[in-house]
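What follows is a predicted protein model with its sequence.
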Amino acid sequence: MTNNYLKLQFYSLPQNQAFARDAVAAFCVQSNPSLSTLSDIKTAVSEAVTNCTVHAYGPDVGIITIECDICGDVLHISVTDAGRGIDDVERAVKPFYTTLPGDERSGMGFTIMQTFMDDFSVSSKKGEGTVVSMTKQLAAEVENV
């Protein structure tokens, strides 16, 4: 079976969040995922792109890259920025941690990604950027009738 691959690059503008999640969802449709699975993927991608827009680049504009690979019935996603990087990844992935508490941020972005995806990891270098990697099983779940 041949893998399928998608690479998107776009500016870290808030209006591109919907584009990113819809593009990844459209890419996944070929594997016939359940609506629930598709919703999980869209939510995780939205959170990852929002993190890039808000935290990696702040008021500046930078490039966000999303790469997706479907191998069999497994989707692999990486969301990459070349922004500020994260000082302490272990601390940043904890629920309710935010670097912008006065900005009405909940600090739940990474937690949401972890919850909605089957596998999740973050790697980051201060001043160089961050990569969020996520995996999701795409095979439709069999429902008991």
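Yep, that arrived.

Val49 - that's part of a helix, no?
Yes - per DSSP: H, G, I helix; E, B strand; the rest coil, Val49 lies within a helix segment.

That one and Phe19 touch, don't they?
No - contact criterion Cβ atoms under 8 Å: Val49 and Phe19 do not qualify, at 9.0 Å. The way it works is simple: take the backbone N, C-alpha and C, and place the C-beta from them, glycine included.

Show the residue spans covered by the helices in this protein.
16-28, 35-51, 89-92, 109-116 (DSSP state H).

out of Val49 and Phe19, which sits in the busier spot?
Using other Cβ atoms under 10 Å, the more surrounded residue of Val49 and Phe19 is Val49, with 26 against 13.

who touches that one in this structure?
Val49 is in contact with Asn16, Gln17, Ala20, Arg21, Ile64, Ile66, Val79, counting by Cβ atoms under 8 Å, 6 or more residues apart in numbering.

separation between the last one and Asn32?
Per Cβ to Cβ, to the nearest Å, Val79 is found 24 Å from Asn32.

out of the contacts of Val49, which one sits closest to Phe120?
Nearest to Phe120 out of the contacts of Val49 is Val79 (Cβ to Cβ; 11.1 Å).
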